[in-house]
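Asks: could you work out the structure for the sequence below:
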Amino acid sequence: MPIRPPKAARSTTRAGATLALLLASPALLGAQVVEIQVTPDQFTLEAGKQRALYAAAYDRQGNLVNSAVFAFTTSDSTVATVSPQGTVMAVASGVARIQASAGGRSAAATVTVTGGTPPVLAASSLRVEPRMVSLLPLEPVRLVPRALRDDGTQVAAPRISWKSLDSRTAAVDRDGLVVGVAPGQTIIEAAMAGGLRDTVLVTVDTAVFTTLEHKSLAPGGMDTLSASVPAQGGRRLGAGLTWRSSDTTIVRVGSSGEAVGVAPGQAEVAVSGYGMTGRVRISVHPPVHAFTIIPRASAGPVRVPVGGARRFQARAEAADSTPIEGAVVRWALADSGIASFVPETGMLTGRRPGATTLSAHLDGFQPVTWQIEVVPAGVVLERRRLALAPGQRARIGAELVDEAGAAIPAAGQLTWSASGPAVTVAADGTIEARRVGRATITAATPWGTRDSAAVFVVGDLLLSSNRGGANPQAFGIHQLRFGSDSLHPVLADGATNLHAAFSPDRTRIAFSSSRAGRFDLYLMNADGTGIERLTTDSAGGGEPAWAPDGRRIVYSRSRGGGTEIASVNVDGSDLRILAASPGGNQSPSVSPDGRTIAFASARDGNFEIYRMGIDGGNAERLTTSPAREQSPRFLPSGDLLYVTDRPRGGSAVMRLGASGAVPIVESPDPIVSLAVARDGSRIAFVTGRMLDRTGSRIEYRLVIHGLGAEVAPVAVRLLPDERIATPSF
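Replies: Here you go, the predicted model:
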């Protein structure tokens, strides 16, 4: 976005005002103080009286510097004190100097106090400033002595005698003015009455200084040139230099190195002093027509993530929109703790969350300032997986986190989206399930970070069926919605897949499959993707039951012609054998509190219902009926449902509680599979009726039966010759 200079900055008739505006170099934003005046400069006060001093600061052109801040000090507080505002209070008879300082300059007034008791001068030490001095040959510096009491307060010192231990290196006069003579080191000693002494180390180096090789200026632009001494840590020389321009029609230079661009072109400024000469090449570039910046500063705060970067551009352009390479853009970042900025590349990098400003300055134009907001590095969803039933709603929480993982509220800063028609998502992260399937929910920040969660829309019941498969002998895994006879296939790939069981969060399914040549346990996502083999030993696996925390699976496995109960972590590790008695152990079910396992066992000759600890200990027999009993399933209350054979044929579903076992459902046909809803509201069971004496034709029925009072069972309509097995809620 081009920014045009104000008319005053482009006017050639107002060059003086422009120069006054541009007096500051890139490192100096205010006017430079070159002179201090104190009024009055000498006066007399009686002890106990006071008087205000007036201090004024002036720049090189003689203009008053209104922004100058003064510091007032007294040479002897026992004679006179001075307030921060410059008010002098007379204390006792004597003479004191009151000094006013600002911008590196100072001036003093002398006050004579009459009356009162003269102070007793009891100096205990002498201190000379500065403590160490570096000079070039012929360069001067004045040393300042201070006589101090034990408490550190200053007293008026009597006459000081000065001495150089090697006057061939540096000489000193009676007023403490030291002048470098030749390279080397010496000691300057100060002494006063009473035997108090102090010393200063003086180093004189070879007269070598350096200057900038090149400087670019705008017409009317100004900068202060300088010379520095590399051997003395780059110390800038402040006096003893003479500056001269090779072409004053292009560049003018003042006595203190102030270079002013006059007209476009090239010139050379020579600086001489201390026996040597340096040169600075000055380029005065054409007038700047426009100041173009990217991005626009008026477009609102620029957001940068922690650890992320954003490029800023600012360039000077001529009237034909070509860039002016010599025009220098000065950059200023308010808080380098929040972000870092590299002027050479224009790249700003976020360091920690917070707000700061970035400014670009070009002579003759108003500064451009961007508001910078460094925001947390990423967004994190509270869940990466969740399952819903069609029509169900849930809200998924999200938070912004910084690089240390600390959370910051994300309200109003995220955009939500869903990958498919299975769900919809609102602006606040509320998800509504539409139909069985899978979708990916994504929360994104305006600055490009994002996080996603998988949402599975699942049916009410899982079961195995040969419906729709190319092989009528193979069972696929399907989902069923209550009130519908339609099955939604999850896994129908030609293998026999049985005993499907939802994980506690209903986002994964454990099942038994023959896909590897024998029945082993597998895991997959609720939509049938991401199949992983869980058991790989020769014992295989079936009838998986999840622990309530979703970390382990209890299952039955074949061993030596019988079956045993085992458990394994969901990553396939830590296999444990829990029940391995003769006769067979099968149909495990984990209690809602995760502390016990119910199972069927023929260890006493007939299949009965048993219970043991989750680790396989303390097994106890719960039923003693002569009938065959199978498929124990826990209710939320801790009671058990199981299937028992009726004496005259068929089966009954029994409920075993504290008061014993009672039948709750009876079927004239054998019940081959039983499932209990997690909330205990209903059960599902599969029956099988032989249609011929050979048993080659079996009629299957799937019944949904509510456990509430007067709830009629519902039979799910199956296809002709459809075979089903192992329902699970």
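Asks: so for stretch 329-349, what's the average pLDDT?
Replies: The predicted model gives stretch 329-349 an average pLDDT of 94.
Asks: ok, residues contacting it?
Replies: 26, 304, 307-316, 350-362, 372, 374 (C-beta atoms under 8 Å, 6 or more residues apart in numbering). Any C-beta I mention is one placed from the backbone N, CA and C, and that applies to glycine too.
Asks: in this protein, which helix or strand is least confident?
Replies: Each helix and strand of the chain was given a mean pLDDT (mean pLDDT, DSSP states H and E); the minimum falls on helix 15-21 at a mean of 27.
Asks: now whichever helix or strand comes after that one: average pLDDT?
Replies: Counting by DSSP states H and E, the next helix or strand C-terminal to helix 15-21 is strand 35-39. In this model, strand 35-39 has a mean pLDDT of 92.
Asks: paired strands for strand 35-39, with orientation please.
Replies: strand 54-58 (antiparallel) (DSSP bridges).
Asks: what are the contacting residues of the partner strand?
Replies: By C-beta under 8 Å, 6+ apart, the list of residues contacting strand 54-58 from outside reads 33-39, 64-65, 68, 70, 72, 86, 100, 102-103, 105, 107.
Asks: just the buried residues from the residues you listed, in ChimeraX please.
Replies: When burial is assessed using 16 or more other C-beta atoms under 10 Å, the buried subset of those is captured in ChimeraX by this command:
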select :33,34,36,38,65,68,70,72,86,100,102,103,107
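Asks: hey, where'd the helices end up in the stretch 251-400 of the chain?
Replies: Shown for the stretch 251-400 of the chain, no helices are assigned by DSSP state H, counting those that start in this stretch.
Asks: any idea how far Ala427 is from Asp41?
Replies: According to C-beta to C-beta, to the nearest Å, Ala427 and Asp41 sit 73 Å apart.
Asks: nearest the middle, which residue of the protein would you pick?
Replies: The residue at the geometric middle of the chain, judged as the C-alpha nearest the mean C-alpha position with C-alpha atoms, centre = their mean, is Asp402 (2.6 Å).
Asks: ok, now which ones touch it?
Replies: The contact partners of Asp402, by C-beta under 8 Å, 6+ apart, come to 306, 352-353, 376-377, 408.
Asks: could you do Arg515 as well?
Replies: In this structure, Arg515 makes contact with 493, 495, 497, 522, judged by C-beta under 8 Å, 6+ apart.
Asks: among these, which are located in strands?
Replies: Here DSSP state E is the test, and the contacts of Arg515 give 497, 522 as lying in strands.
Asks: sketch out the helices for this protein, chain order is fine.
Replies: 7-10, 15-21 (DSSP state H).
Asks: let me see the contact set for the nearest residue to Leu523 once chain neighbours are set aside.
Replies: Counting by C-beta to C-beta, 6 or more residues apart in numbering, Glu532 is the residue found nearest to Leu523 once chain neighbours are left out, at 4.8 Å. With contact taken as C-beta under 8 Å, 6+ apart, Glu532 is in contact with 522-524.
Asks: any quick PyMOL command for the buried ones out of these?
Replies: For anyone working in PyMOL, the buried entries among the contacts of Glu532, judged by 16+ other C-beta under 10 Å, can be selected with:
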select buried, resi 522+523+524
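Asks: of the contacts of Glu532, closest to Asp669?
Replies: Checking the contacts of Glu532 against Asp669 with C-beta to C-beta, the nearest one is Tyr522 at 30.7 Å.
Asks: looking at that closest one now. What's its pLDDT?
Replies: On the pLDDT scale, Tyr522 gets 96.
Asks: for this protein, which spans come out with low pLDDT?
Replies: Along the chain, the model assigns pLDDT under 70 to residues 1-31, 117-122, 156-158, 403-404, 408-412, 469-470, 694-696, 709-711.
Asks: might you report the residue contacts of the nearest residue to Leu177 once chain neighbours are set aside?
Replies: Counting by C-beta to C-beta, 6+ apart, Leu177 lies nearest to Arg142, which is 5.2 Å off, once chain neighbours are set aside. If a contact means C-beta under 8 Å, 6+ apart, then Arg142 has 175-178 as its contacts.
Asks: gap between Arg142 and Val133?
Replies: Here the distance between Arg142 and Val133 works out to 10 Å (C-beta to C-beta).
Asks: Ile372 now?
Replies: Between Ile372 and Val133 the computed distance is 44 Å (C-beta to C-beta).
Asks: between those two, which is the more surrounded one?
Replies: A direct count of neighbours by other C-beta atoms under 10 Å for Ile372 and Val133 places Ile372 higher, at 24 against 17.
Asks: so that one is in contact with Pro305, correct?
Replies: No: using C-beta atoms under 8 Å, Ile372 and Pro305 do not qualify as a contacting pair, with a distance of 11.8 Å.
Asks: need the residues touching each of those two.
Replies: The contact lists of Ile372 and Pro305 share no entry, where a contact means C-beta under 8 Å, 6+ apart.
Asks: circling back to that earlier point, which of the contacts of Arg515 lies closest to Leu462?
Replies: In terms of C-beta to C-beta, no member of the contacts of Arg515 lies closer to Leu462 than Asn497, at 10.4 Å.
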